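Visitor: Sequence first, predicted coordinates after that:
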Amino acid sequence: MLKTALKWTALALVALSATPALAATCRNTGSYDRWLEAFKKEALAQGISARVIAEASPSMTFDPAIIKRDHGQAVFSQTFLQFSDRMTGGGRIPIGQKKIKQHAELFARIEQKYGVPAQVITAFWGLESDFGANFGNYKILSAIATLAYDCRRPDFFRTQLFDALRIIQRGDQRPADMIGDWAGEFGGLQFTASDYLKNAVDFDGDGRRDLIHSVPDTLASGAAFLVSLGWQRGQPWIQEVTVPRDMPWQEADNAIQHPVSQWQKWGVKGAHGPLASADLPASLILPMGRRGPAFLAYPNFKAFLGWNSAYVYSTTVAYYATRLAGAPAVSHAGKDIPVLSADQIKELQRLLIKAGYKGVGDVDGKVGAGTRGAVRQAQLKFNMPADAYPTAELLARLQQR
Ligand code: CA
């Protein structure tokens, strides 16, 4: 299972991919202790040893603060520029570049083996844990057990809990060291337990896959994860571009690819240098619509989205990696574009559904792929530039009907 955007559902307003709808309300009825006993029985049946279960048991406590944190997650919106300015600020670019120099030999070995450049791994390392300085403050066995018991996403976290125990059984970690985020992500790259189990590698040769204490294991595991998500050696990931005033805006979508040569025909140019080779497929992504920053996303961008499906987050990591590789700051044109509130998005979704546009899904105030698709269809119908970006103008047009 791919890492989910648990921590970043706050950014779902501008998410490209649909996020699974959470149960709006649900109630925990059975006792936690009874639930835990049943879980342990199943763990035994799944081949997890009694010794590991006993070792982990004191940590698998119910923590009401986790439930509160999870249920209280507010949906708010930050634009790509707001978020990326914040995430690449605070010294993250010079510090990241210093880390790349400091671990140059290690990064060279990792790139030789996996084909992933230092800047890309460092971008994830910086944003996920401030280069290993901030792992979170929660006991992750307690966090995962609590969320596995809780009624909202029990299946996902039950799997995570089994996998956390398997990480202990494999000798990679001890329960006391497993400190991380409230959603159960931990280590320098904040992997979920399942991603850890599947993708962690031992790169310092001590026989343990240790993504908490070992920098070589952490960075190489990031590369291995990206390769599992489709990373291809020697290819770019994203590149800032300039777009002409007029072009077939409906082509600007992460799901639509054209060869670079086609984008060139439409007038798309590299903002700070030439585009990649003419036959490489690319998508034009406009995180803030046609008036905001523009990127060509090459096939490697899908590895960023696989790591975290929250679109603004993934685009920000990819952009941060280009900054670490020397790209200038992105154009801030369009930074004053008003952003629709969650309530306005809900109104937009209701009106789109009422007008018969397909694929909107739930009226949830979040702009996923379905809502973007419907926005694009409505823009085409109203003869507006079809960049799939929800605006007040479109909302006003739909309200007039
Ligand atoms: Ca190791």
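Guide: That came in fine, so what should we check first?
Visitor: for stretch 35-42, what is the average pLDDT?
Guide: Mean pLDDT, stretch 35-42: 98.
Visitor: quick one: buried residues of it?
Guide: Buried residues in stretch 35-42, counted by 16 or more other C-beta atoms under 10 Å: 35-36, 39-40. Placement of C-beta: from N, CA and C, glycine included.
Visitor: Alpha carbons of it, as PDB, please.
Guide: Extracted in PDB, the C-alpha atoms of stretch 35-42 (Å, rounded to 0.1, in the frame of the first residue of the first chain):
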ATOM      1  CA  TRP A  35     -10.300  -5.600  20.800                       C
ATOM      2  CA  LEU A  36      -6.600  -5.800  21.500                       C
ATOM      3  CA  GLU A  37      -6.800  -9.400  22.800                       C
ATOM      4  CA  ALA A  38      -8.500 -10.400  19.500                       C
ATOM      5  CA  PHE A  39      -5.900  -8.500  17.500                       C
ATOM      6  CA  LYS A  40      -3.100 -10.300  19.300                       C
ATOM      7  CA  LYS A  41      -4.700 -13.700  18.500                       C
ATOM      8  CA  GLU A  42      -4.800 -12.900  14.900                       C
END
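Visitor: Contacts for that stretch, please.
Guide: With contact meaning C-beta atoms under 8 Å, 6 or more residues apart in numbering, stretch 35-42 is reached by 53, 57, 60, 145, 148-149, 158, 161.
Visitor: Which residue does the stretch 251-400 of the chain have closest to the ion?
Guide: residue 307 (21.5 Å; C-beta to the ion).
Visitor: How many residues are close by that residue?
Guide: Counted by other C-beta atoms under 10 Å, the residues lying close to residue 307 total 23.
Visitor: So that it lines up with my notes, have the first residue be 52 from now on.
Guide: Will do, 52 is the new start, and the previous item becomes residue 358.
Visitor: in the protein, which helix has the most residues?
Guide: helix 205-220 (DSSP state H).
Visitor: Output the contacting helices and strands for the helix or strand just after it.
Guide: Counting by DSSP states H and E, the element after helix 205-220 in chain order, helix or strand, is strand 230-231. Helices and strands touching strand 230-231, by 3 or more C-beta pairs under 8 Å, 6 or more residues apart in numbering; DSSP states H and E, are strand 189-190, helix 191-200.
Visitor: Tell me which of those lies nearest to the ion.
Guide: helix 191-200 (19.2 Å).
Visitor: nearest residue to residue 430 other than its sequence neighbours?
Guide: residue 437 (4.1 Å; C-beta to C-beta, 6 or more residues apart in numbering).
Visitor: Tell me which residues touch that neighbour, please.
Guide: 299-301, 427, 430-431.
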